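Participant: output the structure for:
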Amino acid sequence: MTRDPKKPMEVVVLSGKGGTGKTSVTAAFVSLADNPVVVDCDVDAPDLHLILQPEPRSRTPFVSGYEAFIDPQLCGRCGRCADVCRFGAIVRPGSRQEPWRVDAMFCEGCGACERVCPRGAIRMSEAERGAWMRSDTRFGPLVHAEMAPGAENSGLLVALLREQAAEVAREVQSPLIICDGPPGIGCPTIATLTGANHVVFVTEPSEAGLHDLERVADLAARFRMPGSLFINKADLNPDGARRAARFAAERGLTLLGETEYDTAFTEAQLRGLAITENGSGPSATALRQAWDRLTQALAEQRRTAPASRAL
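Facilitator: Numbering: from 1, shown residues only. I've put the predicted structure just below:
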């Protein structure tokens, strides 16, 4: 099986932990790419929009799962619903004047309360967990989302965003989709990796950063996906930066480069800019060079895809 040449390449930017500078690196790459489609897959705590400053084009509710609702006019206040609820979602009233109700933050949508209610006072309804948006940015289309506080099924929402991004890429004939992935190795990260073509790991040289880099690299290895590494804030722990570079060599990852700790990142963020738009300092230069190395790696993948794995 070979790669469809009409299908855009999909690059995922990941970090094993938060605070590595992943989103800043993503924004820099987006600013340097030619006609990209961008996806913010960090749906639980999105922040790419702070740099890209999107203009919303459409907003669609994200409906997933179910939640219970108690009709106070039918409720007989018998308490059977509370007895069977294992999640503490049924709120018992403090007085006869208060209705029984369901706390949506705790409701898992299992439907047990509906089944035991003798008066049919409880009904299950589809739950709105947030919304996803298609927006325009100065670099091209952005597909992103907002999860409701405490909402679940973020992995499902990530999969939806990537489907929509693929559709947008076909519409605008984009050759590249860039995904700003979530931190960690949970369900949203798995949903971001599945079916992508290349993963860029962003790490900081701290013990926590190196530990979590190994974890997320182990996860990505299960997808047999080509990858690369960018080291941020390398000067804060030079020995850790050298360990990260050795790790890249051992895992067959392309080393894209490194930057030192640089307040220019913060200055750019405060202005709503990618660091590559904020002058030509050492960090901006390092990221331009990293982008050149990444585009070379992607070109090599395209060239060798028919003789190796499908992209």
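
Participant: got a list of what Pro182 touches?
Facilitator: 41-45, 154, 158, 188-189, 192 (Cβ atoms under 8 Å, 6 or more residues apart in numbering). All C-beta atoms are positioned from the backbone trio N, CA, C, and that covers glycine.

Participant: actually, Ala127.
Facilitator: By Cβ under 8 Å, 6+ apart, the contact set of Ala127 is 63-67, 104, 109.

Participant: in JSON lines: those residues, plus secondary structure and pLDDT.
Facilitator: Converted to JSON lines, the contacts of Ala127 look like this (DSSP: H, G, I helix; E, B strand; the rest coil; pLDDT from 0 to 100):
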{"residue": "Val63", "secondary structure": "strand", "pLDDT": "91"}
{"residue": "Ser64", "secondary structure": "strand", "pLDDT": "88"}
{"residue": "Gly65", "secondary structure": "strand", "pLDDT": "87"}
{"residue": "Tyr66", "secondary structure": "strand", "pLDDT": "92"}
{"residue": "Glu67", "secondary structure": "strand", "pLDDT": "94"}
{"residue": "Ala104", "secondary structure": "coil", "pLDDT": "88"}
{"residue": "Gly109", "secondary structure": "coil", "pLDDT": "92"}
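
Participant: and the longest helix for the protein?
Facilitator: Ranked by residue count and defined by DSSP state H, the top helix of the chain is helix 282-304.

Participant: what's in contact with that helix?
Facilitator: Against helix 282-304 from outside (Cβ under 8 Å, 6+ apart): 3, 5, 9, 11, 25, 28-29, 32-33, 197-198, 200, 226, 228, 230, 254, 256-260, 262, 264-265, 275-276, 278, 311.

Participant: let's see 7 Å
Facilitator: Outside of helix 282-304, the residues that reach it under the criterion Cβ atoms under 7 Å, 6 or more residues apart in numbering are 9, 25, 28-29, 32, 197-198, 200, 226, 228, 230, 254, 256-260, 262, 264-265, 275-276, 278, 311.

Participant: among the residues you listed, which lie within helices?
Facilitator: The members of the contacts of helix 282-304 that map onto helices under DSSP H are 25, 28-29, 32, 264-265.

Participant: out of those residues, who's nearest Pro183?
Facilitator: Val25 (13.0 Å; Cβ to Cβ).

Participant: which parts of the chain are helices?
Facilitator: Read by DSSP H, the chain holds these helices, from start to end of the chain: 22-32, 49-52, 80-84, 112-116, 154-172, 187-193, 207-221, 238-251, 264-270, 282-304.

Participant: that's all I had, so thanks and see you.
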